[in-house]
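Asks: Structure here, sequence nowhere to be found:
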Ligand SMILES: Cc1cc2nc3c(=O)[nH]c(=O)nc-3n(C[C@H](O)[C@H](O)[C@H](O)COP(=O)(O)OP(=O)(O)OC[C@H]3O[C@@H](n4cnc5c(N)ncnc54)[C@H](O)[C@@H]3O)c2cc1C
Ligand code: FES
Ligand code: FES
């Protein structure tokens, strides 16, 4: 046993620390972490990607939504070690290198889909999850897709409008 | 959350070996229930054995008149599987209505069934379709599997490998959900087989249960009128801030009729 692991074992808190390798926003990173680290804490504290928010820490609000291998998940409800080997996309990974906003981000701005902005990163990651199932979602599909996201400010109508418009812009760009 | 040793074996034999060797080991599947439990320190396992690395457990296959669904199939996989949509559409519809898209992308059928939350959806399907739960050591019929609130007959370190669902002639799952949590206030699975009809209810008791009076009437005549007059007793139904026992009894009646009408 290494000196570090022995020390960790003795204080009864940290057992063998784990090493994980993940591809975050296209960049591969390897870090040594405690095994009980949540993915959201890994992203925010180790990688300083603080665009992913913690609203409830109980899997209710969706502010921590990121994409794991292309699908939205709540990063407060998964261990970082469970994501070892995966590709992760956070809100920071959506804009272009030059800093141009993603069409869905633009749509949220244009339609006043945010007020305080706390829920917005999660809303946008969920919105893109909705589009991965349906390129031109109906209003009902958009509302169902937002079941796991809470917003304290907007009353949702403008968020739904923004997603609808973002979907149209993305579909148009792909034509 | 207390710390633990994390393991991600790539086959079931090593998963079992680690579980047996560990002081207080626990399986983690999607983690959508377990992580919350561990944050609250209601569970503090010494070891976590992640089944996510075992590819075999994710498979969905067709057998003779049955569907075999791997325990690690996520709710999203069950929703989108063309095989399940074709053979047991009620099962994919049930999965599509669990929680939200993020929960469905991680949560698994095996985790849901092992957890046996009294308001969870899958227990109604497992019981209503008369599925068999296949573990590393034995096969357990749904009628014997669920033993009480959050209780099953699974032993420590027993792993659900897959579930075998008999394909019904027609079936439907209808849920009256709590609008905040999306869990069932009452959910009913109705399934018609050559040898009779099964009706299983979730959300209304200490676990999913069958209702014999409805099954007998529907076996004779599979129509909503055949059960319209049957009164559901309120004994053993739960009563909480979401619904009284009498309201739940009424919902069971109405929702079963809807399920009969929707069955395909
Ligand atoms: C916001 C939210 C909303 C939800 N809404 C609903 C809903 O509407 N309806 C519903 O039914 N559920 C709902 N759930 C629960 C969800 O479906 C969970 O995914 C499920 O209950 C547990 O599955 P899991 O794969 O995440 O299991 P885990 O959390 O990983 O494990 C749960 C338990 O099962 C054991 N276990 C897991 N897999 C196996 C196996 N193969 N063999 C033996 N034991 C095993 C674990 O040791 C643990 O004790 C919701 C959850 C959340 C967070
Ligand atoms: S912080 Fe993860 S769902 Fe609220
Ligand atoms: S904009 Fe404030 S929480 Fe949604």
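Replies: Here it is on my side, so go on. What you see is a predicted model; the values in this text were computed from it and never measured. Ligands and ions are numbered 1, 2, ... in the order given.
Asks: Show me the helices in the stretch 151-264 of chain B, by range?
Replies: Here the stretch 151-264 of chain B has its helices, by DSSP state H, counting those that start in this stretch, at B:212-220, B:245-262.
Asks: Looking at the ones you listed, which one is packed in the most?
Replies: Sort these by mean neighbour count, taking mean count of other C-beta atoms under 10 Å in any protein chain shown, and helix B:245-262 sits at the top with a mean of 19. In short, each C-beta sits where N, CA and C put it, glycine included.
Asks: Now do it and helix B:212-220, the angle between them.
Replies: 20 degrees (axes from the mean of the first three to the mean of the last three C-alpha atoms, to 10 degrees).
Asks: what does chain A put close to ligand 3?
Replies: Residues of chain A found near ligand 3 (C-beta under 6 Å from any ligand atom) are A:114-119, A:151-154.
Asks: one more time with 5 Å
Replies: For chain A, the residues in contact with ligand 3 (C-beta under 5 Å from any ligand atom) are A:114-116, A:118-119, A:151-153.
Asks: coming back round to it: now mean pLDDT and distance to residue B:169 too, for the helices of the stretch 151-264 of chain B, in TSV please.
Replies: Converted to TSV, the helices of the stretch 151-264 of chain B look like this (pLDDT from 0 to 100; distance: least, C-beta to C-beta, whole Å):
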stretch	mean pLDDT	distance to residue B:169
helix B:212-220	98	12
helix B:245-262	97	13
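Asks: Indicate which one of the ones you listed is closest to residue A:168.
Replies: Of all the helices of the stretch 151-264 of chain B, it is helix B:245-262 that lies closest to residue A:168, at 33.2 Å by C-beta to C-beta.
Asks: Report all helices and strands that the closest one contacts.
Replies: Secondary-structure packing of helix B:245-262 (3 or more C-beta pairs under 8 Å, 6 or more residues apart in numbering or on different chains; DSSP states H and E): strand B:170-177, strand B:184-193.
Asks: Remind me what the longest one packs against, helices and strands.
Replies: Contacts of strand B:184-193 with other secondary structure elements, assessed using 3+ C-beta pairs under 8 Å, 6+ apart, are made with helix B:89-96, helix B:122-128, strand B:170-177, strand B:196-202, helix B:245-262.
Asks: So for it, what gets flagged as buried?
Replies: By neighbour count with 16 or more other C-beta atoms under 10 Å in any protein chain shown, strand B:184-193 contains the buried residues B:184-193.
Asks: Quickly list the domain ranges of chain A.
Replies: Domain ranges of chain A: A:3-94, A:103-174, per automatic domain parsing.
Asks: now the first one: how far from the chain's centre is it?
Replies: Same thing as domain A:3-94. In terms of C-alpha atoms, centre = their mean, to the nearest Å, the centre of domain A:3-94 is found 11 Å from the chain centre.
Asks: Say whether chain B is contacted by it.
Replies: Yes. Domain A:3-94 is in contact with chain B by C-beta under 8 Å from any C-beta of the partner chain, via A:13-16, A:18, A:34-36, A:38, A:57-59, A:62, A:65, A:68, A:71-74, A:77-79, A:81-82, A:84.
Asks: thinking again about what came up before, can you redo the helices and strands packed on helix B:245-262 as CSV with mean pLDDT?
Replies: Formatted as CSV, those follow (pLDDT from 0 to 100):
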stretch, mean pLDDT
strand B:170-177, 97
strand B:184-193, 98
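Asks: and the ones you listed as CSV, adding distance to residue A:164?
Replies: CSV is the format used below for those (distance: least, C-beta to C-beta, whole Å):
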stretch, distance to residue A:164
strand B:170-177, 25
strand B:184-193, 30
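Asks: export those strands to TSV and tack on distance to ligand 2?
Replies: Output for these, formatted as TSV (distance: least, C-beta to the nearest ligand atom, whole Å):
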stretch	distance to ligand 2
strand B:170-177	19
strand B:184-193	21
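Asks: Could you report the neighbour count for the residue in chain A that ligand 1 sits nearest to?
Replies: Of all residues in chain A, the one sitting closest to ligand 1 is residue A:59 (3.9 Å; C-beta to the nearest ligand atom). As a burial measure, residue A:59 scores 24 neighbours (other C-beta atoms under 10 Å in any protein chain shown).
Asks: what about stretch A:32-52, near ligand 2?
Replies: No. Figure legend: stretch A:32-52 not in contact with ligand 2 (C-beta under 5 Å from any ligand atom); closest approach 6.5 Å.
Asks: Quick check: pLDDT value at residue 120.
Replies: I went with chain A, as the question did not name one. pLDDT, residue A:120: 98.
Asks: meant chain B actually
Replies: Residue B:120 carries a pLDDT value of 97.
Asks: Quickly find the element holding it.
Replies: For residue B:120, there is no host helix or strand (DSSP states H and E).
Asks: which residue sits closest to it, ignoring its sequence neighbours?
Replies: Take residue B:120 and drop its neighbours on the chain: the residue closest to it by C-beta to C-beta, 6 or more residues apart in numbering or on different chains is residue B:112, 5.4 Å away.
Asks: thinking again about what came up before, farthest pair within the residues of chain A next to ligand 3?
Replies: Taking C-beta to C-beta as the measure, the residues of chain A next to ligand 3 have their most distant pair in A:114 and A:152, spaced 11.2 Å apart.
Asks: Looking at those two, which is more packed in?
Replies: More neighbours surround residue A:114 than the other of residue A:114 and residue A:152, with 21 against 11 (other C-beta under 10 Å).
Asks: Can you verify my assumption that that one contacts residue A:108?
Replies: Yes. Look at residue A:114 against residue A:108 with C-beta atoms under 8 Å: they come within range, at 5.6 Å.
Asks: coming back round to it: ok, now which ones touch the residue nearest to residue B:120?
Replies: Taking C-beta atoms under 8 Å, 6 or more residues apart in numbering or on different chains as the criterion, residue B:112 is in contact with B:33, B:75, B:98, B:120-123.
Asks: Tell me the confidence at the closest residue to residue A:130 other than its chain neighbours?
Replies: Excluding the flanking residues, the one nearest residue A:130 by C-beta to C-beta, 6+ apart is residue A:145, at 3.6 Å. With respect to pLDDT, residue A:145 has a value of 97.
Asks: For residue A:145, what are phi and psi?
Replies: With angles defined as degrees, to the nearest 10, residue A:145 sits at phi -60, psi -20.
Asks: same check, this time on residue A:48
Replies: Dihedral angles of residue A:48 (phi, psi; degrees, to the nearest 10) stand at phi 60, psi 30.
Asks: Next up, the contacts around residue A:89.
Replies: Per C-beta under 8 Å, 6+ apart, neighbours of residue A:89: A:24-25, A:66-67, A:70, A:125.
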